[in-house]
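Visitor: Below is the sequence, then the predicted model.
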Amino acid sequence: MSYVEVPGAKVPIRMWTDPSTVEDGAMRQLHNVATLPWIEGLAVMPDVHYGKGATVGSVIAMRGAVCPAAVGVDIGCGMSAVKTSLTANDLPGDLSRLRSKIEQAIPVGRGMHDDMVDPGRLHGFPTAGWDDFWARFDGVAEAVRFRRDRAGKQMGSLGSGNHFIEFCLDESGSVWLMLHSGSRNIGKELAEYHIGQAQKLPHNQGLVDRDLAVFVADTPQMAAYRNDLFWAQEYAKYNRAIMMALYQDVVRKEFKKAKVTFDQVISCHHNYVAEERYDGMDLLVTRKGAIRAGSGDFGIIPGSMGTGSYIVKGLGNAASFNSASHGAGRKMSRSAAKRRFSTRDLEDQTRGVECRKDSGVVDEIPGAYKPIEKVIDQQRDLVQVVAKLKQVVCVKG
């Protein structure tokens, strides 16, 4: 579909979904965002749903301002995927050992490494800039600097919630490795600190929602936020790169006879800020639950833990600020999913996938998410499908 335009206070709300299917709370948030004095455009992805301040699945373009809640608290969260030389014929009938080896190599949930991972020992990991990256930690907000040791040990760990590691097959039988994670606790701490700082500023006192507080250009508060934001985005990128290197090491060892090779890794943020230019204006574009889909940009749009995912290539649609959805998107809250579904439902909906099937992940059940095929179909003018993947192993925190 092309987009539907809904009138907004300052800008129209361009929606790549049927507005009547969007929950009332999320529509209210979209209209609130459209009132912001600095806004220049708002694009809504088909996976849109209620979030903190701004919806998940929205792309907000502002001039001279940025809203921390429109980035999300998991700064830099995103996806990585890589095609391997393995095929379905190389796989054993029982994949539980592979899942166990992945979980041993990469801490999940609240877990972290005993010591900070040395990237120098990782096969093919690009270490250029690593030391400079950590040196810059001394320049982030003083309120979180005491987290240095924890941030180091969490680098290369998965987390919980909707974060995952998957072993997938495409429609031709080729094996792909895929993972989803972000900036771990340090990104959350930085996001919450800066949201709190923004809410105290005088220019934010009259906003319809205090969670939409912004920083404005040429202020020390904006400079401090941008510094910490871009550091956290880099942390998230390194976090995924280390996990992918550890994951590849597991696969090399488990399939030693196959002498596995890997294509170039595809990686994309879906909670972040970018400086971009549209219609002759320099804008700060926040994507919260959205990926960049400029012409030729590769992206990853995952479904739920029992359905499948898509590798896509962007079509460069300026109406969406060169963006596309970041996944299927939730259709019910975690608490609602726990009330509605049982572990038996989870077993049924993840049949054929080697994964956790206990009460701790019922809130991630496929039934709690929108159908990924429909979400992809609603954005055919934003992306072109390159590959469809189906997981056979899914690791959850």
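Guide: Yep, that arrived. Residues are numbered from 1 along each chain as shown.

Visitor: How many residues are close by L190?
Guide: 27 (other CB atoms under 10 Å). C-beta here means a position set from N, CA and C on the backbone, and glycine is covered the same way.

Visitor: can you pull the contacts of T350?
Guide: M305, G306, K357, I365, P366, C394 (CB atoms under 8 Å, 6 or more residues apart in numbering).

Visitor: Could you give the number of residues near G93?
Guide: G93, neighbours per other CB under 10 Å, totals 4.

Visitor: Against E354, how distant is it?
Guide: Between G93 and E354 the computed distance is 11 Å (CB to CB, to the nearest Å).

Visitor: of the contacts of T350, the lowest pLDDT goes to which?
Guide: Ranked by pLDDT, the contacts of T350 bottom out at G306 (90).

Visitor: Is that residue part of a helix or strand, or is it coil?
Guide: coil (DSSP: H, G, I helix; E, B strand; the rest coil).

Visitor: surely it meets Y369?
Guide: No: with contact defined as CB atoms under 8 Å, G306 does not reach Y369; the gap is 9.3 Å.

Visitor: For those two, work out which one has more neighbours and name it.
Guide: Between G306 and Y369, counting by other CB under 10 Å, Y369 is the more crowded of the two (25 against 22).

Visitor: so what's the more buried one bridging to?
Guide: R330 (DSSP bridges).

Visitor: Helices of the stretch 201-350 of the chain, start to end?
Guide: Ranges of helices in the stretch 201-350 of the chain, per DSSP state H, counting those that start in this stretch, are 220-254, 334-340, 343-349.

Visitor: CSV for these, including mean neighbour count?
Guide: Below are the helices of the stretch 201-350 of the chain laid out as CSV (neighbours: other CB atoms under 10 Å):
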stretch, mean neighbour count
helix 220-254, 20
helix 334-340, 14
helix 343-349, 16
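
Visitor: Just tell me which of those helices ends up closest to Y193.
Guide: Nearest of the helices of the stretch 201-350 of the chain to Y193, taken as CB to CB: helix 220-254 at 8.0 Å.

Visitor: Could you give the separation of that closest one from the chain centroid?
Guide: Centre-to-centre, helix 220-254 and its host chain are 12 Å apart (CA atoms, centre = their mean, to the nearest Å).

Visitor: What residue in the chain is the furthest from its centre?
Guide: In terms of distance from the mean C-alpha position of the chain, K257 ranks first, at 34.1 Å (CA atoms, centre = their mean).

Visitor: Quick one: neighbours of A324, just the number.
Guide: 32.

Visitor: ok, so what distance separates it from I311?
Guide: 12 Å.

Visitor: swap in V362?
Guide: The gap separating V362 from I311 is 28 Å, by CB to CB.

Visitor: Equivalent analysis for K101, please.
Guide: Taken as CB to CB, the span from K101 to I311 is 25 Å.

Visitor: Neighbour count: the two, which is higher?
Guide: Neighbour count, other CB under 10 Å: between K101 and I311, I311 has more, with 22 against 16.

Visitor: Nearest to the spatial middle of this structure, which residue is it?
Guide: Centroid-nearest residue in the chain: G78, 3.1 Å away (criterion: CA atoms, centre = their mean).

Visitor: Give the closest residue to that one in space, chain neighbours not counted.
Guide: Leaving aside its chain neighbours, G78 sits nearest to H269 (4.0 Å; criterion: CB to CB, 6 or more residues apart in numbering).

Visitor: who's in contact with the one you found?
Guide: Taking CB under 8 Å, 6+ apart as the test, what H269 contacts is G76, C77, G78, Q233, A236, K237, R287, I291, R292.

Visitor: so which of the residues you listed comes closest to G299?
Guide: Closest to G299, out of all of the contacts of H269 and judged by CB to CB, is I291, at 4.4 Å.

Visitor: partner residues bridging the nearest residue to the closest one once chain neighbours are set aside?
Guide: Closest residue to I291 apart from its sequence neighbours, by CB to CB, 6+ apart: G299 at 4.4 Å. On the basis of DSSP bridges, G299 is bridged to V312.

Visitor: Next, find the distance separating G299 from Y310.
Guide: 9 Å.

Visitor: of those two, who's got more company?
Guide: G299 (28 against 22).

Visitor: thought the more buried one was touching A290?
Guide: No: under the criterion of CB under 8 Å, G299 makes no contact with A290, lying 9.8 Å away.
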